[in-house]
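Visitor: Structure for this input, please:
(chains A and B)
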Amino acid sequence: MFPRPIKAASAPARLGYQVVVPIALVIWLLPLIAIFMTSIRPASDINSGNVFGIPSSFNMVENYVAVFTQSQAFMYLMNSFMITIPTVIISVGLACLAGYALAIYRFRVALPLFFLFVAGNFVPYQILMVPVRDMSVQSGLYDTIQGQVLFHGAFQTGFCTLFMRNFIKALPFDLIESARIEGVKEWKIFWYVVLPLVRPAIAALSVLIFTFVWNDFFWANVLTQGESVKPITAGVRALNGQFVNNWHLVSAASLLAAVPPVAMFFLMQKHFIAGLTLGAVK
Amino acid sequence: MSAIDNTRMTTNTSWIARNKLTIAPWLFLIPALAYFAIYVVFPIFESIWLSFFEWNGLYRADGTSTAVWVGFDNYVKLWSDQKFWTSLKNNLLWLILFMLAVPAGLMIALFLNQETPGMRLYKSLFFFPFVISQVVVGLIFGWFYNPDFGVIGSVWKALYCEETVNLLGNATFRCSQTPPDILSDPVIATYGIIAAGLWPQIAYCMILYLTGLNNVAADQIEAGRLDGAKGWKMLWYIVLPQLRPATFIAVVVTVIGALRSFDMIAIMTQGGPFGSTNVLAYYMYETAISEYGERYGYGSAIATVLFIIMLFYISYFLWRMYQDEKGGH
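Guide: Numbering: from 1, shown residues only, chains lettered A, B, ... in the order given. Next up is the predicted model:
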């Protein structure tokens, strides 16, 4: 292990380490802690410049309720769920099929096609913006939830296919080979042999795609116009304009927008990190 | 001839059954491929094509587009567009400074790579900024930097200002130096946004390195220790070479992150003050969908430039992947 395990160090060093880590954490998360503290303050504290000190009263419930009653935060949150969840299902589902095809079958264009998915996943959004927007306007998908789902689903299919293909490639090929010799149909091999084995990959991708799409801001601006179909990220910006200088409410709304991905991360931590660090280990 | 017919009769194999290993992959592949092609692959070429037109996004009554072919005009215009060069310069700044996330992430990972009680929770909490939307990070830092009631402003007041309360009981501050308004200063605003962007990016690099460190071969470390290597030498000669895959991914995602920077700029400054914080991604958006009417052609030209820059990295990444594929299988 590197650096040398602190467990093997002297007692004062061990103690020192255990004191330093929480302090470092507080400094690291200072912006977040500050915004949380702001979100539970009364408005008067902010006007009087009490940013770091103890709040003059704890208004956590009032502030968070105010966000819901004074704005359309609930609608934005629901929109985010309605955009994010179908996207996850579409992109992960399609990627299971495509990843299986690219990993298991040996055909000449398998590698070029795989690289197409990889490359597409890295392109700047702006190179897609005008055609996708135009296409959405032409097909009546502009300014709808479905329009956003369809685009995100397609784009995330690239990343999911990259991930799935590599995951399936690492499975023991003998399993598929022996199933074939037994005369099992190809789609049955996929369904009964491969799919149960890729469950960890499905979990990892689901949390990752959920987070990516939830946090999207660019496409929410490009593909929507009205407030009624905007996700929470775009909503928070709108609230920022609405609650001018009501920083306690803006803070509360921002933190609310962060809750679902953070919850997802903590619940599925192992899968989340496995997904993100794909390729970081040989 | 009849022998072949006989075998065909006896095994009774149809064309589909005989070619199932050729057909099957396409059946699995076509839904994803067609869908991906429509939304991602074709639009890339369409954008490049559109960059040779002038178009406000409108169609005539008979459904034909109002786009007018202008050849390389949009690119010629870009050449003398001051805003474009400012954006390009800022993109370069983002690229260079964003790279700090890689060593910074490594440092935090080394600091946290211990097995004391509660370490798992600490690691997750350090990772926190990455999970949060960039919109929220932008808002947090925008407020953090606010000279009047943000954190920087408050610290400044505590250091340089004197509070005086007038007869009506209203507090006013008299400051020996006015607090810096980071996001309104054309010279430093970009640095302020990059600093905010680094926060989640460092967290990402940290998690990549933590995973990498988990897999560093213990026997090599021990062998190094026996040879008297420690500290920086150990890190440089024994640990870092083993972390190469993690470093590679960290660099790739950081480059992409730097070139994709859009959300924070949209939230924190909208490219201002005076266009000083613009980057290509934001300038393209601003140009293509502006309040003064759409300029799809010019916007597409900016997007094409950004795409070409990114293409270098994509090609490099694919080339590396290809080497791995050749070696691995």
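
Visitor: use CA for all of it now, contacts and neighbours both
Guide: Will do.

Visitor: Spatially central, which residue of chain A would that be?
Guide: Nearest to the geometric centre of chain A sits A:Thr211, at 1.1 Å (C-alpha atoms, centre = their mean).

Visitor: right, and it touches B:Gln134 too?
Guide: No. A:Thr211 is not in contact with B:Gln134 according to C-alpha atoms under 8 Å; the separation is 11.4 Å.

Visitor: if I pick the residue nearest in space to the middle of chain B, what's in contact with it?
Guide: Nearest to the geometric centre of chain B sits B:Gly257, at 1.4 Å (C-alpha atoms, centre = their mean). With contact set as C-alpha atoms under 8 Å, 6 or more residues apart in numbering or on different chains, B:Gly257 has these partners: B:Gln201.

Visitor: tell me which element it falls in.
Guide: In this assignment (DSSP states H and E), B:Gly257 forms part of helix B:244-260.

Visitor: before we move on, the earlier item: could you measure from the residue nearest to the centre of chain A over to B:Ala250?
Guide: Plainly put, A:Thr211 is 19 Å away from B:Ala250 if you go by C-alpha to C-alpha, to the nearest Å.

Visitor: B:Glu163 now?
Guide: From B:Glu163 across to B:Ala250, the span is 47 Å (C-alpha to C-alpha).

Visitor: now swap in B:Ile108 and tell me
Guide: Going from B:Ile108 to B:Ala250 by C-alpha to C-alpha gives 14 Å.

Visitor: which residue sits closest to the closest residue to chain A within the stretch 51-200 of chain B, ignoring its sequence neighbours?
Guide: The stretch 51-200 of chain B approaches chain A most closely through B:Ser133 (4.6 Å), counting by C-alpha to the nearest C-alpha. Sequence neighbours aside, A:Asn215 is the residue nearest to B:Ser133 in space, at 4.6 Å (criterion: C-alpha to C-alpha, 6 or more residues apart in numbering or on different chains).

Visitor: so who does the one you found touch?
Guide: Listed by C-alpha under 8 Å, 6+ apart, the contact set of A:Asn215 reads A:233, B:132-135.

Visitor: which one of those is nearest A:Gly275?
Guide: B:Ile132 (16.8 Å; C-alpha to C-alpha).

Visitor: In terms of helices and strands, where is the closest residue to that closest one other than its chain neighbours?
Guide: With sequence-adjacent residues excluded and distances taken as C-alpha to C-alpha, 6+ apart, B:Ile132 is closest to A:Ala258, at 5.4 Å. Of the helices and strands defined by DSSP H and E, A:Ala258 is found in helix A:247-267.

Visitor: Tell me the confidence at whichever residue of the stretch 151-300 of chain B sits closest to chain A?
Guide: For the stretch 151-300 of chain B, the residue closest to chain A is B:Ala246, as judged by C-alpha to the nearest C-alpha, at 4.0 Å. Per-residue confidence at B:Ala246 stands at 92 (pLDDT).

Visitor: Tell me how far it lies from B:Leu213.
Guide: 9 Å.

Visitor: more neighbours, these two?
Guide: Higher neighbour count among B:Ala246 and B:Leu213: B:Ala246, with 28 against 24, using other C-alpha atoms under 10 Å in any protein chain shown.

Visitor: Confirm for me that that one is in contact with B:Tyr209.
Guide: Yes. Between B:Ala246 and B:Tyr209 there is a contact at 5.9 Å, judged by C-alpha under 8 Å.

Visitor: Residue numbers of the stretch 101-250 of chain A in contact with chain B?
Guide: For the stretch 101-250 of chain A, the contact set with chain B under C-alpha under 8 Å from any C-alpha of the partner chain comprises A:101-102, A:105, A:107, A:115, A:117-120, A:122-128, A:130-132, A:134, A:151, A:154-155, A:157-158, A:186, A:211, A:214-218, A:233, A:236-237.

Visitor: Go ahead and build a ChimeraX selection from the buried members of the residues you listed.
Guide: To isolate the buried subset of those in ChimeraX, counting by 16 or more other C-alpha atoms under 10 Å in any protein chain shown, use the following:
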select /A:101,102,115,117,118,119,120,122,123,124,125,126,127,128,130,131,132,134,151,154,155,157,158,186,211,214,215,216,217,218,233,236,237
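
Visitor: Domains in the chain, by residue range?
Guide: By default, I'm working from chain A. Domain ranges of chain A: A:6-67, A:71-276, per automatic domain parsing.

Visitor: think we crossed wires, I meant chain B
Guide: B:81-145+B:182-288, B:148-180.

Visitor: so how far is the first residue of the longest one from its last?
Guide: Chord length of domain B:81-145+B:182-288, first to last residue, is 15 Å (C-alpha to C-alpha).

Visitor: chain center to it, what's the gap?
Guide: The chain centroid and the centroid of domain B:81-145+B:182-288 are separated by 10 Å under C-alpha atoms, centre = their mean, to the nearest Å.

Visitor: cool, stretch A:82-90 as well?
Guide: Put simply, stretch A:82-90 sits 11 Å off its chain's centre (C-alpha atoms, centre = their mean).

Visitor: could you dump that stretch to CSV, C-alpha only?
Guide: Output in CSV follows, covering the C-alpha atoms of stretch A:82-90 (Å, rounded to 0.1, in the frame of the first residue of the first chain):
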residue,chain,number,x,y,z
MET,A,82,-39.8,12.2,-16.2
ILE,A,83,-36.8,13.0,-18.4
THR,A,84,-34.3,11.0,-16.5
ILE,A,85,-35.9,7.6,-15.8
PRO,A,86,-37.1,6.8,-19.3
THR,A,87,-33.7,7.9,-20.6
VAL,A,88,-31.9,5.4,-18.3
ILE,A,89,-34.2,2.6,-19.5
ILE,A,90,-33.8,3.3,-23.2
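
Visitor: near chain B, anything from that stretch?
Guide: No. Against chain B, stretch A:82-90 shows no contacts by C-alpha under 8 Å from any C-alpha, the least distance being 9.5 Å.

Visitor: where do the helices sit along the stretch 101-250 of chain A?
Guide: Here the stretch 101-250 of chain A has its helices, by DSSP state H, counting those that start in this stretch, at A:110-122, A:126-138, A:145-169, A:173-181, A:186-188, A:195-197, A:199-214, A:218-223, A:232-242, A:247-267.

Visitor: What's the local residue count around residue 227?
Guide: Reading this off chain A. For A:Glu227, using other C-alpha under 10 Å, the count is 14.

Visitor: look at chain B instead
Guide: Neighbours around B:Asp227, by other C-alpha under 10 Å: 9.

Visitor: Check the burial of the residue nearest to B:Ile132 by counting its neighbours.
Guide: A:Ala258: 22 neighbours (other C-alpha under 10 Å).

Visitor: and the gap between it and A:Leu77?
Guide: Going from A:Ala258 to A:Leu77 by C-alpha to C-alpha gives 10 Å.

Visitor: now A:Leu249
Guide: For A:Leu249, the distance to A:Leu77 - C-alpha to C-alpha - is 16 Å.

Visitor: Which of those two has more residues huddled nearby?
Guide: Comparing A:Leu249 with A:Leu77 by neighbour count (other C-alpha under 10 Å), the higher total belongs to A:Leu249, at 28 against 21.

Visitor: Packing partners of the lowest-mean-pLDDT helix or strand in chain A?
Guide: Within chain A, no helix or strand scores below helix A:43-47, which has a mean of 76 by mean pLDDT, DSSP states H and E. The contact analysis (3 or more C-alpha pairs under 8 Å, 6 or more residues apart in numbering or on different chains; DSSP states H and E) places helix A:43-47 against helix A:247-267.

Visitor: Quick check, pLDDT for residue 63.
Guide: By default, I'm working from chain A. Per-residue pLDDT puts A:Asn63 at 88.

Visitor: not what I meant, chain B
Guide: Confidence score, pLDDT, at B:Gly63: 81.

Visitor: what's the answer for A:Ile27, then?
Guide: With respect to pLDDT, A:Ile27 scores 93.

Visitor: What lies in contact with the strand or helix carrying it?
Guide: Using DSSP H and E, A:Ile27 sits in helix A:11-28. If you take C-alpha under 8 Å, 6+ apart as the criterion, helix A:11-28 is touched by A:6-7, A:33, B:112, B:116, B:122, B:125-126.
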